[in-house]
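Asks: what follows is a predicted structure for the sequence shown.
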Amino acid sequence: MKLKQAPWLLISILLLVAGTIATFSIVWKLNRDWEADRRWEDYRSELVAAGEPVTFAELEARRPEVPIDQNGSLIIESLAGKLQELQSEEVKHIPILDRDLRRMDTFEGISPESVEAMRTFLEKHDDLVTSLASLHANTDGRLTVMNYDYEGDNPFDFTLPSLAPWKYTGILFHLKTLAQSLDTDMEGAMHATITQFGVAATMRNEPNGIIRVVRLRVIQQALASIEFMLRTSELDSKQLDELSQLVSKRIADISPKEFMRAERIAMLTFYDSFADGKIDSTKIYGNEFIKRLGTISRRDIRRAQRLAASIWTKQIEVADDILKWLDEADRIDNVSNPLAAGLRSAILVGHIMPSATVIAQLTGRRLAELQCAHTAIAAERFRLDQGRFPESFDELLPGYIDVVPIDPFTGKPLLLGKNEIGITIYSVSQNLEDDGGDLKIRKGKYSPPDVGFRLVEPSNRGSIIASKETSDDSE
């Protein structure tokens, strides 16, 4: 009898042990998940206590209300259909619009073919330009086609409205500046250039990365317009002061913090839905990625969520200091690199996190361009008064600038270079090398070695018609 009972006793003991182990494993896993949830909620509470928005509803509430009569975006939105149609226009030879001339340096001259094509294009759309001209007085905006109070489970499914109307409005008035500068109609060129700043102002309250890129591009074109005006003719002190004030305002509101807050909220919302099983991870990461990674636990997701939030928070803290931001960005990109990271949470974040370095460099380039333009306008005012360009920035103190301008990439003063036709005020940009004020974009590059602003002596100014078309494919 005892022999018959022994096997059953052994089986019962084994089952009991197996059950205990299984129960322990479940409890252990639940405890790990609970601990991960708790740590995430603690971090979230810290953000809330610091006054940081953690939901899209809170982000939307932060956007300032803009009175209808002051909202320049409404002008562009009312003409969105016509502006959208410009995408299908024939653009051969037209600066910026022709793909082969997208990055042409108009400072070096514009070919007869481009001048003729540009004038024809502007004449064809004169009614549209006239309808948009009231943006000249615009200083603010809020896109009514955008609402950041997103209520879905996956913020990456958010559909952004077409930004072509804003992009093409900026281009239209940049071309208008070029054409009127060539005609020495400097009042008209000033009006068109100021209007470009008005276009940029319509987007200044939008915490969206893509809208921000379009806005920075419009600002860049406006600065190129100022450079072109001063390449072809002269502006008086009053006009220079007006441009200086516009550039100063763009320097003051270039901060990317609200866009970063939006990106952080998108990450938090995504990982909340991921943890609750509301999102098919393969649609975000892809089947092969999920297969290689294996089972993704709630703990993995919460740790990834906390890592993503901390990455954006760190960037927000240093975003107004490009030097610190670039240092932080380098560390972030190394931590969140899926190939270099060992932690599963870092792999999850790195697969969908945009490059911090790329964002920091873009902001740094635009800030440097604005600083150079602001200083160059001061140098031009100095020339009007003294009959020559300054030998150093010290000569601009204190009557023309308040402080010596700083290169955001080095923390040191901007550079002032001389050449046979004038001067260049420049930043060493992201390569951190002094390339002598080389502002030429090479083939396959998106920016020149240095970024800056060029001024020429009055004797070298005038209508600059190039002997042939130049493109961004030149070596």
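Replies: Ah, there it is.

Asks: correct me, but residue 235 touches residue 190?
Replies: Yes - assessed by Cβ atoms under 8 Å, residue 235 is found in contact with residue 190 at 7.1 Å. To be clear about C-beta, it is placed using only N, CA and C from the backbone, and glycine gets the same treatment.

Asks: now for those two: what residues contact both?
Replies: 229, 243 (Cβ atoms under 8 Å, 6 or more residues apart in numbering).

Asks: run through the residues that contact the closest residue to residue 355 other than its chain neighbours.
Replies: Distances taken as Cβ to Cβ, 6 or more residues apart in numbering put residue 333 closest to residue 355, at 5.9 Å, once the chain neighbours are dropped. Applying Cβ under 8 Å, 6+ apart, we find residue 333 in contact with 355, 356, 357.

Asks: could you give the number of residues near the first one?
Replies: Which is residue 355. 13 (other Cβ atoms under 10 Å).

Asks: follow-up on the earlier one: remind me which helix or strand the residue nearest to residue 355 belongs to.
Replies: Here residue 333 sits within helix 322-335, counting by DSSP states H and E.

Asks: give me the buried positions along that helix.
Replies: 322, 323, 324, 325, 326, 328, 329, 332, 333, 335 (16 or more other Cβ atoms under 10 Å).

Asks: what's the distance between it and the middle of its chain?
Replies: In terms of Cα atoms, centre = their mean, to the nearest Å, the centre of helix 322-335 is found 16 Å from the chain centre.

Asks: now that helix: mean pLDDT?
Replies: The pLDDT scores in helix 322-335 average 85.

Asks: next SSE downstream of that helix?
Replies: Downstream of helix 322-335, the first helix or strand assigned by DSSP H and E is helix 344-350.

Asks: is it true that residue 145 touches residue 77?
Replies: Yes - assessed by Cβ under 8 Å, residue 145 is found in contact with residue 77 at 6.2 Å.

Asks: these two - which one has more neighbours?
Replies: Comparing residue 145 with residue 77 by other Cβ under 10 Å, the one with more neighbours is residue 77, at 19 against 13.

Asks: got the end-to-end distance for stretch 439-453?
Replies: End-to-end span of stretch 439-453 (Cα to Cα, to the nearest Å): 9 Å.

Asks: check which helix or strand residue 165 maps to.
Replies: helix 164-182.

Asks: and what of residue 440?
Replies: Assigned by DSSP H and E, residue 440 falls outside every helix and strand.

Asks: give the contact list for it.
Replies: Taking Cβ under 8 Å, 6+ apart as the test, what residue 440 contacts is 105, 448, 449.

Asks: pretty sure the last one is touching residue 438, no?
Replies: Going back to what we said before, that points to residue 449. Yes - using Cβ under 8 Å, residue 449 makes contact with residue 438 at a distance of 4.6 Å.

Asks: what lies in contact with stretch 413-433?
Replies: With contact meaning Cβ under 8 Å, 6+ apart, stretch 413-433 is reached by 361, 364-365, 368-369, 371-372, 375-376, 379, 389-390, 392-393, 404-410, 434-437, 439, 447-457, 460.

Asks: now list the buried members of those.
Replies: By 16+ other Cβ under 10 Å, the contacts of stretch 413-433 give 361, 364-365, 368-369, 371-372, 375-376, 379, 389-390, 393, 405-410, 434-435, 437, 439, 447-456 as buried.

Asks: next step: those residues restricted to helices.
Replies: Under the assignment DSSP state H, those contribute 361, 364, 365, 368, 369, 371, 372, 375, 376, 379 to helices.

Asks: may I see these organised as a markdown table, with distance to residue 418 added?
Replies: What follows is those, written out as a markdown table (distance: Cβ to Cβ, whole Å):
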| residue | distance to residue 418 |
| --- | --- |
| 361 | 28 |
| 364 | 25 |
| 365 | 23 |
| 368 | 20 |
| 369 | 20 |
| 371 | 19 |
| 372 | 15 |
| 375 | 15 |
| 376 | 13 |
| 379 | 12 |
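
Asks: quickly name whichever of those is closest to residue 281.
Replies: Residue 281 lies nearest to residue 361 out of those, by Cβ to Cβ, at 30.9 Å.

Asks: ok, the closest one - contacts?
Replies: Going by Cβ under 8 Å, 6+ apart, residue 361 touches 326, 430.

Asks: can you tell me how far it is from residue 266?
Replies: Distance, residue 361 to residue 266, using Cβ to Cβ, to the nearest Å: 22 Å.

Asks: wait, a strand at residue 424?
Replies: Yes - counting by DSSP: H, G, I helix; E, B strand; the rest coil, residue 424 is part of a strand.

Asks: just list whatever residues bridge to it.
Replies: Beta-bridge pairing for residue 424 (DSSP bridges): residue 417, residue 454.

Asks: and for it, the neighbour number?
Replies: Residue 424 has 22 neighbouring residues, counting by other Cβ under 10 Å.

Asks: pLDDT score for it?
Replies: For residue 424, the model assigns a pLDDT of 97.

Asks: just give the number of residues close to residue 69.
Replies: Residues within reach of residue 69, counting by other Cβ under 10 Å, total 6.

Asks: compute the distance between it and residue 136, please.
Replies: 15 Å.

Asks: repeat that for residue 364.
Replies: From residue 364 to residue 136 the distance is 29 Å (Cβ to Cβ).

Asks: likewise residue 165?
Replies: Counting by Cβ to Cβ - residue 165 and residue 136 are separated by 17 Å.
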